[in-house]
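**Q** just a sequence and a predicted model for now, questions to come.
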Amino acid sequence: MKHFEAISIDLDDTLWPITPVIRRAEKRVRKWLRHHCPRVELDVETSRFAVMRQEVLRRHPDRSHDFAFQRRAALTMLLENAGYDFSTAETAYQVFSSARNEVQLYADVIPALEQLSERFILLAVTNGSADLEHIGLSELFDYSIRAADVGVGKPEAAIFAAAAAAAGVSRARVLHVGDAPLEDITGAQDAGMSAVWMNRFGRTWPQEHPPPMAEIESLDELHQHL
């Protein structure tokens, strides 16, 4: 591999599995609503939550990259429809957000990040709303780049450019690591970076996308390559 000065790393499904996290967070919100907002008919209204999120996107197409905004706005619609105020909706969202940041790191993550951080500028680049300080990884990353802050998400070049700018290096000197063929690999390569595919579960590379520089099953393999 060529010389890199910074490594940008995706978070959800690269450093931890995200599906069980979201399911648990949504379950916790439902439990909170059942206790604190009895006027919300959960069996009826929560089935409409996806419809509400689509309505949020229709009203705010400029926020399609901001999943936290979409969920917060949809929760506000849900609760206001039942006669609750904005502060109640905000509390409900914080219940979700807290649970969303209770993640189970893959076993290789912390040892690999500790090694990589000694040699490279480390950048977290995510379309999600993970809070590295809450999770306990903030000290291992130099910068956190989130789609909600940049204004666009992966695979748009601007979010990768923002990561390189934060590190103070050219995009050619940044290696991106992520699990999503389009958002992470193709996006990074189109933005002028090199990219390594994190393939923890033996998936087949989709042939419609240009191949990555390398494929790894765990983050410690990246350290070995470098």
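**A** Everything's here; your move.
**Q** what pLDDT does the model give E41?
**A** On pLDDT, E41 comes in at 81.
**Q** in contact with it, which residues?
**A** Neighbour list for E41: A82 [criterion: C-beta atoms under 8 Å, 6 or more residues apart in numbering]. In this view, the C-beta of every residue, glycine as well, is placed from N, C-alpha and C.
**Q** could you measure from it over to V103?
**A** 31 Å (C-beta to C-beta, to the nearest Å).
**Q** Provide a list of residues in contact with I216.
**A** 177, 196-199, 222, 225.
**Q** where do the helices of this protein begin and end?
**A** Using DSSP state H, the helices of the chain run over 19-36, 42-45, 49-59, 67-81, 86-100, 109-117, 132-135, 147-150, 157-167, 187-190, 219-225.
**Q** which one of these lies closest to K2?
**A** Minimum separation from K2 across the helices of the chain (C-beta to C-beta) falls at helix 219-225, 11.5 Å.
**Q** pull out the buried positions in the closest one.
**A** The neighbour-count check on helix 219-225 (16 or more other C-beta atoms under 10 Å) flags 219-223 as buried.
**Q** and which of those residues is nearest to I135?
**A** Nearest to I135 among the buried residues of helix 219-225 is L219, at 15.2 Å by C-beta to C-beta.
**Q** so how far is V125 from the nearest residue to the closest one once chain neighbours are set aside?
**A** Closest residue to L219 apart from its sequence neighbours, by C-beta to C-beta, 6 or more residues apart in numbering: A112 at 3.7 Å. As defined by C-beta to C-beta, A112 lies at a distance of 17 Å from V125.
**Q** K2 now?
**A** K2 sits 20 Å away from V125 when distances are taken as C-beta to C-beta.
**Q** more neighbours: which of these two?
**A** Ranked by neighbour count (other C-beta atoms under 10 Å), K2 and V125 place V125 first, with 31 against 8.
**Q** ok, what's across the strand from the more buried one?
**A** Legend: beta-bridge partners of V125 under DSSP bridges are I145.
**Q** OK, contacts around it?
**A** Going by C-beta under 8 Å, 6+ apart, V125 touches 8-10, 145, 154, 159-160, 163, 176, 178.
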